[in-house]
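Peer 1: Predicted structure and sequence below. I'll ask about it afterward.
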Amino acid sequence: MPRRLDIISLIGLGLGLAAIILGQALEGGHVGSLLQITAFVIVIGGTLGAVMLQSPLKVFLDGLAMSRWVFQPPPAQADEVLRRILDWSHQARRGGLLALEPKIEEQGDLFQRRGLQMLVDGAEPEVLRETLELELSAFEHHHLEAAKIWQAAGGYAPTIGILGAVMGLIHVMENLTDPSKLGAGIAVAFVATIYGVGSANLIFLPMANKLKALVNGQVKLKEMYIEGLVAIANGENPRMIEAKLQGYLL
């Protein structure tokens, strides 16, 4: 099932960048003056290096891979999960837990397959809950740590931008006797600050917050699966299961 495109993220990013460019144009400035390769290398390269230094390799790579969630978030349809759980509960009441065995391979998520396999194998409800909650805790911890690399980038970028500004001013001071070189140094100084503050507040920090919200949404769905599977294992009535899981739809 292809992931849907998150239009609001595209609109938000485009609106933020467009507002800065339009503001520059309205003030009579040239858009080209905001394009400084030296400032870009200092800010983005320095920020990337700082984040790599603080992060384990797997967390860093997973954080980069998770960035696509901002524009193509993973499915998070609680109503579909509820429908699936109720379907399983009806089948289990009619044909026993073994009737759910064909459903195991149909699940695209490893967490769902493992939980359904344990249910079919007759695991005790408390063992089922304990095992899946342990896996869920590991999932939540790892993905939140991966999302935090963008939060870290948002913290480092403004400081690296100031560093770039200081470097530009040093270049200016070294060439006070040559006016032809002063403009480039001053441009790097100010544009580096813009890149640092702008990238942090328009890209890195919003991405971090969105990713953490998406991870929390995935955790909520997995909790819903756990509650549903445990209820089926306990032989609860499908109507009671539905009433219990309705709270996840709020």
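Peer 2: Everything's here; your move.
Peer 1: and residue 73, helix, strand or coil?
Peer 2: Here residue 73 is coil, with the state taken from DSSP: H, G, I helix; E, B strand; the rest coil.
Peer 1: try the one 3 residues further on
Peer 2: In the three-state summary, residue 76 is assigned as coil, counting by three-state DSSP.
Peer 1: which residues does it contact?
Peer 2: 214, 217-218, 220-221 (C-beta atoms under 8 Å, 6 or more residues apart in numbering). Placement of C-beta: from N, CA and C, glycine included.
Peer 1: What confidence value was assigned to it?
Peer 2: Residue 76 carries a pLDDT value of 80.
Peer 1: Just the buried ones among the contacts of residue 76, please.
Peer 2: With burial judged by 16 or more other C-beta atoms under 10 Å, the buried subset of the contacts of residue 76 is 214, 218, 221.
Peer 1: Residue 143 versus the first one, what's the distance?
Peer 2: Using C-beta to C-beta, to the nearest Å, residue 214 is found at 9 Å from residue 143.
Peer 1: Kindly report the same for the second one.
Peer 2: When distances are taken as C-beta to C-beta, residue 218 and residue 143 turn out to be 7 Å apart.
Peer 1: pLDDT at the nearest residue to residue 233 once chain neighbours are set aside, what is it?
Peer 2: Spatial nearest neighbour of residue 233, excluding adjacent residues (C-beta to C-beta, 6 or more residues apart in numbering): residue 125 at 4.3 Å. As summarised for this prediction, residue 125 has a pLDDT of 92.
Peer 1: Run through the residues that contact residue 125.
Peer 2: Residues near residue 125 by C-beta under 8 Å, 6+ apart: 230, 233-234.
Peer 1: closest to residue 189 among those?
Peer 2: Nearest to residue 189 among the contacts of residue 125, counting by C-beta to C-beta, is residue 230 at 60.3 Å.
Peer 1: wait, isn't that closest one in contact with residue 131?
Peer 2: No. The criterion here is C-beta atoms under 8 Å, and residue 230 misses it with residue 131 at 10.8 Å.
Peer 1: Can you pick out the residue with more neighbours from those two?
Peer 2: Taking neighbours as other C-beta atoms under 10 Å, residue 230 and residue 131 compare with residue 230 leading, 22 against 15.
Peer 1: worst-scoring helix or strand of the chain, pLDDT-wise?
Peer 2: Least confident element among the helices and strands of the chain, by mean pLDDT, DSSP states H and E: helix 182-199 (a mean of 81).
Peer 1: how far away is residue 186 from residue 208?
Peer 2: If you measure residue 186 against residue 208 using C-beta to C-beta, the figure is 32 Å.
Peer 1: quick one: which of those two has more around it?
Peer 2: The neighbour comparison of residue 186 against residue 208 (other C-beta under 10 Å) goes to residue 208, with 21 against 15.
Peer 1: Just to check, the more buried one is in contact with residue 145?
Peer 2: No. Residue 208 is beyond contact range of residue 145, at 11.5 Å (criterion: C-beta under 8 Å).
Peer 1: The residue most central in space within the chain - nearest residue in space that isn't next to it in sequence?
Peer 2: By C-alpha atoms, centre = their mean, the chain has its centre lying nearest to residue 211, at 2.3 Å. Nearest residue to residue 211 in three dimensions, chain neighbours excluded: residue 147, at 3.7 Å (C-beta to C-beta, 6+ apart).
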